[in-house]
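Participant: Next comes the sequence, and after it the predicted model I'd like to discuss.
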Amino acid sequence: MKKYISGFALVLVILSACKVSKDIETPKPALPETFRSAANTGDTSSIADIQWKNFFTEATLQKLIDSAIVKNYDMQIAVKNIEESQLLFKQVKWNNVPQVDLNVTANTTRPSDNSINGLSLQQDKVNTKHIEDYSANVAISWEADIWGKIHNQQRSALAAYLQTTEAKKAIQTNLVATVSQGYYNLLMLDAQLDIAQKNVKLDDSTLRIVKLQYDAGQVTSLAVQQADAQKQAAEQLVPQFEQNIAIQENALRILTGELPDKIARNSNLDQIIIPASLSTGVPSAIVSRRPDVKSAELALQIANSKVGITKAEMYPALRITAQGGVNSFKASNWFNIPASLFGVVGASIAQPLLDHKQLKTDYEVAKVDREKTVLQFRQSVLNAVGEVSDALVKIDKLKEQQIIAANRVSTLQQATRNADLLFKNGLATYLEVITAQGNVLQSELELASIKRDELSAVSDLYRSLGGGWK
């Protein structure tokens with residue numbers, strides 16, 4: 001008997017070492033040596049390695065981001081997803097532990113007099129027409145993980161848990177970028193509101209001069225109407241910008257988990273400095289740094305585990321059971337030990353037959369899903385590289401636009417001052433003054449918009465490189 005048991009145990013060990021499926025390793029995606037539009041300096045460091053508090057140094061912006069990380073509801077939901085996944089992972093660890101049940105039963109049966117049990121009672125003359133049974137036992141059941149099904153379940157649960165942590169990182173990364181971009185947009189709107197209010201005062205001064213000239217008979221009423229219309233156009237921008245400011249403040253407050261309200265700020269758009277060095281590092285680092293790419297890599301581990309699980313379902317399952325306790329047909333003898341003691345040990349092997357086709361289909365579907373996961377991983381890497389390249393070219397070209405726009409503003413501001421002097425001295429017409437003022441208004445608004453776009457592109461670059469979750 002010992003020889004048979006030893007041989008059976010050896011077979012179990014050998015079978016347990018077998019793998020019914022082969023995992024697909026994480027593919028190495030084709031990556032360029034450097035990002036497009038990146039300065040080829042040979043620097044392998046990246047701004048994504050900088051903590052967000054050291055990258056976004058403006059005090060008000062730091063408070064907004066910090067509040068968003070703590071109070072934003074998407075972040076809170078992500079934390080709950082991590083807790084849920086952690087509980088499931090801990091539970092899967094118990095799949096290797098035998099199932100133990102305590103059973104206590106007591107029943108009585110009144111068989112038919114014409115049944116076998118009824119006739120037996122009559123023949124045995126036990127002076128009862130009831131069959132009683134009292135049992136208390138512990139039942140143990142254990143399934144041998146021969147084909148690695150339980151092991152794959154544990155691998156899948158671990159990868160799913162790690163995916164939730166990566167999802168939280170991805171949410172934080174996007175949140176940091178979104179809050180910073182919203183704040184930059186708010187500063188741009190502040191600047192544009194200030195520009196509009198200054199132009200209202202300038203247009204009002206021009207209108208007063210035109211009215212004086214009209215009273216002196218030097219210009220017609222058309223000049224007064226056009227100057228007044230120019231002033232009204234600038235005045236119309238003021239409530240428009242005030243509306244946009246209130247909406248942007250509300251959006252930022254909601255992102256930070258607060259009720260809509262004003263946001264106190266001590267900085268203006270011109271005080272926000274864009275870092276001189278925006279090193280991107282090497283593209284290969286994006287695979288390990290970006291949370292969404294890391295999550296796609298973990299999805300491949302889950303897909304590999306699912307293939308192993310579905311494959312194992314097609315093979316025989318070995319289950320060992322044991323039961324022991326006390327049993328008696330009289331309550332008075334229920335716990336009469338050792339007379340009432342009993343024990344049962346059994347083993348079973350179950351091989352799917354009629355549903356084998358369904359299990360085979362599930363296995364083939366799992367393999368296809370795994371191939372899809374590989375493609376999705378490669379796609380996530382490709383998209384990540386594309387986002388970095390897009391952000392780099394935006395920053396590069398917006399710098400050029402800002403220089404041109406700043407020079408244009410300076411030129412038009414000088415032209416406006418000259419037109420105003422010439423107009424006051426009767427050497428320029430009111431149309432020249434109105435045209436100059438309109439041009440400088442639009443150019444100043446565009447310059448503020450370009451500065452906002454450049455700052456937003458920097459935030460995009462930081463996010464696309466995988467920064468913001470540290």
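Facilitator: Here it is on my side, so go on.
Participant: Please tell me I have it right and S284 contacts L31.
Facilitator: Yes. Using Cβ atoms under 8 Å, S284 is in contact with L31, at 5.4 Å. Backbone N, C-alpha and C define where each C-beta goes, glycine included.
Participant: After the helix or strand encompassing Q379, which helix or strand is next?
Facilitator: In this assignment (DSSP states H and E), Q379 forms part of helix 356-424. Where DSSP H and E defines the elements, the next helix or strand beyond helix 356-424 is helix 430-464.
Participant: who are the neighbours of that following helix, in terms of helices and strands?
Facilitator: Packing contacts for helix 430-464, counted by 3 or more Cβ pairs under 8 Å, 6 or more residues apart in numbering; DSSP states H and E, involve helix 149-215, helix 221-255, helix 356-424.
Participant: can I get the ones you listed in TSV with distance to G467?
Facilitator: Converted to TSV, the helices and strands packed on helix 430-464 look like this (distance: least, Cβ to Cβ, whole Å):
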stretch	distance to G467
helix 149-215	7
helix 221-255	18
helix 356-424	11
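Participant: Which among those helices is found nearest to T280?
Facilitator: Taking Cβ to Cβ as the criterion, T280 comes closest to helix 356-424 out of those, the separation being 6.2 Å.
Participant: From the chain's centroid, how far away is the closest one?
Facilitator: Distance of helix 356-424 from the chain centroid (Cα atoms, centre = their mean, to the nearest Å) equals 19 Å.
Participant: Stretch 427-443 now?
Facilitator: On the basis of Cα atoms, centre = their mean, stretch 427-443 is displaced by 50 Å from the centre of the chain it belongs to.
Participant: residues in contact with it?
Facilitator: Stretch 427-443 is contacted by residues 195-196, 199, 202-203, 206, 210, 213, 219, 223, 226-227, 230, 233-234, 405, 408-409, 412-413, 415-416, 419-420, 422-423 when judged by Cβ atoms under 8 Å, 6 or more residues apart in numbering.
Participant: mind listing the strands for the stretch 1-150 of the chain?
Facilitator: Using DSSP state E, counting those that start in this stretch, the strands of the stretch 1-150 of the chain run over residues 99-109, 131-143.
Participant: Show the pLDDT at N107.
Facilitator: pLDDT recorded at N107 is 87.
Participant: Quick one: neighbours of the closest residue to it other than its chain neighbours, just the number.
Facilitator: With Cβ to Cβ, 6 or more residues apart in numbering as the measure, D133 is the residue that lies nearest to N107, at 5.6 Å, once sequence neighbours are left out. Summarising burial for D133: neighbours were counted as other Cβ atoms under 10 Å, giving 14.
Participant: thinking D133 is in contact with F329, fair?
Facilitator: Yes. The pair D133 and F329 qualifies as a contact (Cβ under 8 Å) at a distance of 5.8 Å.
Participant: Which residues are in contact with each of these two?
Facilitator: By Cβ under 8 Å, 6+ apart, D133 and F329 have no common neighbours.
Participant: Where does the prediction get shaky in the stretch 51-200 of the chain?
Facilitator: Residues of the stretch 51-200 of the chain meeting the criterion pLDDT under 70: 113, 117-119, 121-122, 124-128.
Participant: Quick check: closest non-adjacent residue to L422.
Facilitator: In space, L422 is closest to A428, 3.6 Å off (Cβ to Cβ, 6+ apart).
Participant: So the one you found versus D420, what's the distance?
Facilitator: Computed as Cβ to Cβ, to the nearest Å, the A428 to D420 distance reads 8 Å.
Participant: now do S112
Facilitator: Distance, S112 to D420, by Cβ to Cβ: 117 Å.
Participant: P338 now?
Facilitator: The span separating P338 from D420 equals 115 Å under the rule Cβ to Cβ.
Participant: Pick out whichever of these two has more residues nearby.
Facilitator: Between P338 and D420, D420 has the larger neighbour count (other Cβ under 10 Å), namely 19 against 6.
Participant: Look at the residue nearest to L422 and report its pLDDT.
Facilitator: Residue-level pLDDT assigned to A428 equals 77.
Participant: Ok, the one 4 residues further on next?
Facilitator: Per-residue confidence (pLDDT) for E432: 82.
Participant: for V20, same thing?
Facilitator: The predicted local confidence for V20 is 68.
Participant: Kindly report the same for V344.
Facilitator: V344 is assigned a pLDDT of 88 by the prediction.
Participant: tell me which element it falls in.
Facilitator: Taking DSSP H and E as the criterion, V344 maps to strand 341-350.
Participant: Name every strand pairing with that strand and say which way it goes.
Facilitator: strand 317-328 (antiparallel) (DSSP bridges).
Participant: which of the contacts of stretch 427-443 are buried?
Facilitator: Neighbour counting over the contacts of stretch 427-443 (16 or more other Cβ atoms under 10 Å) leaves 195-196, 199, 202-203, 206, 210, 213, 219, 223, 226-227, 230, 233-234, 405, 408-409, 412, 415-416, 419-420, 423 as the buried ones.
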